[in-house]
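In: Any chance you can model this:
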Amino acid sequence: MPRILTYNVHRCVGGDRRLDVGRVAGVIAALEPEIVALQELDVGRARTGGVDQAHEIARRLDMACHFNAALRVEEEQYGDAILTSYPERLVKAGPLPALERGLALEPRGALWVAIDVDGIELQVLNAHLGLVPREQRRQAAALAGPEWLGHTDRASPAILLGDFNATAGSIVYRTLAGKLFDARRRAEHRRPNATFPSAFPLLRIDHVFVTADVRVSAIHAPYEPATRVASDHLPLVVDFAL
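Out: Residues are numbered from 1 along each chain as shown. Purely as a prediction, here's the structure:
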């Protein structure tokens, strides 16, 4: 049964303030996923030693990698990635709407990769939404609209996952749950799955949404010594079948 996870890695800086790309890769490797959606990766940034974190993690996991830079400052980049050990192809990568000029905070983006899972093409979309509710609502509407989930190329089965910075009571959540199903609600087996903050997880702000033809076997956010410290989020892990 395939396994997918979403993980905000906080530029590989852990709760102990230590930068450690290998530690993050080790956390992921121990969970044995075939598909990985990552948020908050640095690529070539001075603040994290100039490492291409996306491709370094992919190298350590022996996976293909597609990276979307939500932010570019000269040679430095910051954004999100999809990694997989299955055959894959990039469908789309791009920005999500921001607030008006002068009000926008950190740029946000989304990434869409088609992945061949045992002969079935699975559409996987990874997104990282902003922190301001008005901006979040625009971004969720864009994801639900014709450029992403409503795109003519977006077939089923499909999975949308990432860090949405919004709980199940939010408009953001309701917008996306109106298009797809929350994997938490469809899971046959549920273990604790709050993801933030990692040291004492109380909030469910990382989500996995699926189409009706994705059967969710289990979902959990592993709360272990390594996951508690590697990032400020726990990974959210889903076992599924098509």
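
In: from memory Glu121 sits against Ala155, does it?
Out: Yes - counting by CB atoms under 8 Å, Ala155 is a contact partner of Glu121 at 7.3 Å. The way it works is simple: take the backbone N, C-alpha and C, and place the C-beta from them, glycine included.

In: Tell me which of those two has more neighbours.
Out: Glu121 (16 against 12; other CB atoms under 10 Å).

In: For the more buried one, which non-adjacent residue is spatially closest?
Out: Ala114 (5.4 Å; CB to CB, 6 or more residues apart in numbering).

In: do Val172 as well
Out: Using CB to CB, 6+ apart, the closest residue to Val172 is Ala166 (3.8 Å).

In: just checking, Asp52 touches Val43?
Out: Yes - the pair Asp52 / Val43 is scored as a contact, 4.8 Å apart, by CB under 8 Å.

In: Name the residues of stretch 196-214 that are buried.
Out: Residues of stretch 196-214 classed as buried under the neighbour-count rule (16 or more other CB atoms under 10 Å) are Phe196, Ser198, Pro201, Arg204, Ile205, Asp206, His207, Val208, Phe209, Val210, Thr211, Val214.

In: How are the strands of the protein distributed by residue range?
Out: 3-8, 35-43, 64-73, 76-84, 88-95, 109-117, 120-128, 158-163, 181-182, 189-190, 206-210, 215-220, 236-241 (DSSP state E).

In: export these to a markdown table and tack on mean pLDDT and distance to Ala25?
Out: A markdown table is the format used below for the strands of the chain (pLDDT from 0 to 100; distance: least, CB to CB, whole Å):
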| stretch | mean pLDDT | distance to Ala25 |
| --- | --- | --- |
| strand 3-8 | 98 | 11 |
| strand 35-43 | 98 | 10 |
| strand 64-73 | 94 | 12 |
| strand 76-84 | 97 | 10 |
| strand 88-95 | 97 | 19 |
| strand 109-117 | 98 | 19 |
| strand 120-128 | 98 | 17 |
| strand 158-163 | 98 | 19 |
| strand 181-182 | 98 | 28 |
| strand 189-190 | 92 | 27 |
| strand 206-210 | 98 | 19 |
| strand 215-220 | 98 | 20 |
| strand 236-241 | 98 | 16 |
